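A.B. asks: Sequence and predicted model, in that order:
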Protein chains: 2
Amino acid sequence: MSIKTPYLLFLGNAADPLAAKVAQGIKDWRPENCVGQLRLDGCNADLGLTDMTPAEAIANGAKSMVVGVANRGGVIDATWVKALIEAMEAGLDLAAGLHNKLADVPELAEAAKRLGREIHDVRHPSRSYPVAAGTKRSGKRLLAVGTDCSCGKMYSTLAIEKELRARGVKADFRATGQTGILITGDGVSVDAVAADFISGSVETHAPANDDDHWDIIEGQGSLFHASFAGVTLGLIHGSQPDALVLCHEPTRTHMRGLPDFGLPSIKECMEANLAAAKLTNKNAKFVGIAINTSKLSDEEAKAYLAKTEEEFGLPTVDPVRTGVAAIVDNLS
Amino acid sequence: MSIKTPYLLFLGNAADPLAAKVAQGIKDWRPENCVGQLRLDGCNADLGLTDMTPAEAIANGAKSMVVGVANRGGVIDATWVKALIEAMEAGLDLAAGLHNKLADVPELAEAAKRLGREIHDVRHPSRSYPVAAGTKRSGKRLLAVGTDCSCGKMYSTLAIEKELRARGVKADFRATGQTGILITGDGVSVDAVAADFISGSVETHAPANDDDHWDIIEGQGSLFHASFAGVTLGLIHGSQPDALVLCHEPTRTHMRGLPDFGLPSIKECMEANLAAAKLTNKNAKFVGIAINTSKLSDEEAKAYLAKTEEEFGLPTVDPVRTGVAAIVDNLS
């Protein structure tokens, strides 16, 4: 089920570095999974990896080529198809997290079948899940929740995993969205699972583990987002989190995509998430707050973090500016 | 998209009347949709409708044959396939709400294609939905919520629709599960929609309407059910309910399917549902409580309803024993 690593990262004809941010994320968080990059004519992104043909990548151990570039609308560029077929012919599986499935491109599906290669369209679950059992599982779990979508949950949880591993603690980031899945090679796009199985899919991907092992579960959406809150609630229940981290972007004026909806306060958001989490884990508690201060000056950021830390009595960090050590210090 | 009415009800070889409860529900709530019944050898159910062949049903106006019988495990009995093909040959579409899809039976799929008939497997959404917009819609909406799954939400909302219509009020039951869809011919199995689109699917099926029109939306699951709460939350947000009805079965000792989870109190359940509903409708309020007292004696039931009504100051009914007039009196 998982994507075979390591990867050749396909940057295609990325218009700029931002268009290759999925590839950048893989390189930042799992450099050991990256043997090289493949760029087409007109590519304006460069991860600083060695440029390789699929054959060269295979000689260096690559097992899959990951589409680490996004076009407007998530479409599959016609100029990519030839390169993707050549990668399969050389012996690589393919993986992508685009809206449109690689497997729906007839030439790609035909080549995969002919050559016996796997195509992983990670935004679309390729397996079925059980209904959640709700049974307590061994091991410890941390989940990121947020006042809104896209406010730093993936970055925060990847940083916490990295910090725990650096301290010699057993920890695994559990991806719940397509970028996280491509980074680690495994996980579930929980927003694409049939509604009945949201919690069950999370139980499956964060299973029982050693008592001293931490699953660091990527959050999705927000209990206060009128479009996606059901996803978030199912994710909370399936995670059975021992530890919650609240993520917030302080300059946002309305919920993402919903101009008529203001953001909840951090306090209101923490109370609602804690009440929801306690249904499947009576001992759930907040262990820290992660603020995305990218739109604040150094001084403003420092003041905001200090004020928030004082108000809630919890380690308050910006994972990029300050790192997450203070939150990890607070895990037990 | 909707199932063409009226129906010939297929009872197959129902082992007993309970096995034909879907057909019974259609006959109880939409008698005008039922032109006759079709029973195979060994059928032990009888709805009191005229037994008809598909050709006779068509002569009486039937447009679809609905599988109103369930087998153990929701499987499609081999003895049904011949009768289902004959119905399509006579000119009827097919509809069913079974776990297994009629359209996955090769002989049925082939016959439907050859004859140009529709097969509606209503448990599996056949269309895509938009992400919820959260925008306030005109018209009024009532939603049933519950302390648990299967505690009377469909029955209560169908009864409220019937009472409103009897009073000359414009009202439409909006089905969110397979039985409700078969009864009315339209709706969405919200638990089978991809998680991102739960709320959006409800917005689609309970669209803007006349200011004096009531959508009476069937509820699903419970905010306190560790397997399905995400479905419930998305349904609440998409419904934007003006009016909420709390459904409860007072003798249940644990959440359905989850022996380790007790039920919430009615008070706790109302508070959580009201908080969730206010995200998309600030004016949401509870208008009544519907108790399933089927396991209580007359005297016990009467006492339970009176006690609950006094405690919450809301009309408290058993839709079967007392009817729902008191709740409808409380709608404005």
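C.D. replies: That came through fine. What you are looking at is a predicted structure, and each value in this text was computed from that prediction instead of being measured.
A.B. asks: Next up, the contacts around the closest residue to residue A:315 other than its chain neighbours.
C.D. replies: Ranked by Cβ to Cβ, 6 or more residues apart in numbering or on different chains and with sequence neighbours excluded, the top spatial neighbour of residue A:315 is residue A:326, at 3.7 Å. (C-beta placed from N, C-alpha, C; glycine too.) Residue A:326 makes contact with A:288, A:315, A:316, A:317 under the criterion Cβ atoms under 8 Å, 6 or more residues apart in numbering or on different chains.
A.B. asks: Dihedrals phi and psi, the residue lying farthest from the centre of chain A?
C.D. replies: Here the centre of chain A is the reference, and by Cα atoms, centre = their mean the most remote residue is residue A:114, at 31.9 Å. Backbone geometry at residue A:114, expressed as degrees, to the nearest 10, gives phi -60, psi -40.
A.B. asks: For the stretch 1-150 of chain A, just list every one of the helices.
C.D. replies: A:21-29, A:54-59, A:78-90, A:106-115 (DSSP state H, counting those that start in this stretch).
A.B. asks: residues in contact with the residue nearest to residue A:142 when sequence neighbours are not counted?
C.D. replies: Spatial nearest neighbour of residue A:142, excluding adjacent residues (Cβ to Cβ, 6+ apart): residue A:243 at 4.2 Å. With contacts defined as Cβ under 8 Å, 6+ apart, the neighbours of residue A:243 are A:140, A:141, A:142, A:143, A:284, A:285, A:286, A:287, A:331.
A.B. asks: Low-confidence ranges, the stretch 151-300 of chain A, go.
C.D. replies: Of all residues in the stretch 151-300 of chain A, none has pLDDT under 70.
A.B. asks: Show me what from it comes close to chain B.
C.D. replies: The stretch 151-300 of chain A has residues A:190-196, A:198-200, A:223-224, A:226-235, A:237, A:257-258, A:260-261, A:272, A:275-276, A:279-280 near chain B, with proximity defined as Cβ under 8 Å from any Cβ of the partner chain.
A.B. asks: Kindly supply the ChimeraX command isolating those of the residues you listed that are buried.
C.D. replies: Buried residues among these (16 or more other Cβ atoms under 10 Å in any protein chain shown), as a ChimeraX selection:
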select /A:190,191,192,193,194,195,196,198,199,200,223,224,226,227,228,229,230,231,232,233,234,235,237,257,258,261,272,275,276,279,280
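A.B. asks: give me the number of residues near whichever residue of the stretch 1-150 of chain A sits closest to chain B?
C.D. replies: Residue of the stretch 1-150 of chain A nearest chain B, by Cβ to the nearest Cβ: residue A:134 (3.6 Å). Close neighbours of residue A:134, defined as other Cβ atoms under 10 Å in any protein chain shown, add up to 22.
A.B. asks: Contact partners for it?
C.D. replies: A:199, A:237, A:280, B:226, B:227, B:258, B:260, B:261.
A.B. asks: Dump those into a markdown table; add distance to residue B:183 as well.
C.D. replies: Shown next, in a markdown table, are the contacts of residue A:134 (distance: Cβ to Cβ, whole Å):
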| residue | distance to residue B:183 |
| --- | --- |
| A:199 | 28 |
| A:237 | 30 |
| A:280 | 34 |
| B:226 | 29 |
| B:227 | 25 |
| B:258 | 28 |
| B:260 | 34 |
| B:261 | 30 |
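A.B. asks: I'd say residue A:230 and residue B:231 touch.
C.D. replies: Yes: Residue A:230 is within contact range of residue B:231, at 6.3 Å (criterion: Cβ atoms under 8 Å).
A.B. asks: Quickly note the distance from the residue farthest from the centre of chain A to residue A:126.
C.D. replies: Per Cβ to Cβ, to the nearest Å, residue A:114 is found 20 Å from residue A:126.
A.B. asks: Ok, residue A:309 next?
C.D. replies: Relative to residue A:126, and taking Cβ to Cβ, residue A:309 is found at 43 Å.
A.B. asks: higher neighbour count, the two?
C.D. replies: More neighbours surround residue A:309 than the other of residue A:309 and residue A:126, with 17 against 11 (other Cβ under 10 Å).
A.B. asks: What is the burial count for the residue lying closest to that one once chain neighbours are set aside?
C.D. replies: Counting by Cβ to Cβ, 6+ apart, residue A:309 lies nearest to residue A:316, which is 3.9 Å off, once chain neighbours are set aside. Residue A:316: 24 surrounding residues under other Cβ under 10 Å.
A.B. asks: mind checking the backbone torsions on residue A:316?
C.D. replies: phi -120, psi 120.
A.B. asks: again with the one 10 residues further on
C.D. replies: Dihedral angles of residue A:326 (phi, psi; degrees, to the nearest 10) stand at phi -60, psi -40.
A.B. asks: Just give me the closest of the contacts of residue A:134 to residue B:7.
C.D. replies: The closest of the contacts of residue A:134 to residue B:7 turns out to be residue B:227 (Cβ to Cβ; 32.1 Å).
A.B. asks: Do I have it right that the closest one meets residue A:198?
C.D. replies: No: look at residue B:227 against residue A:198 with Cβ under 8 Å: they stay out of range, at 9.1 Å.
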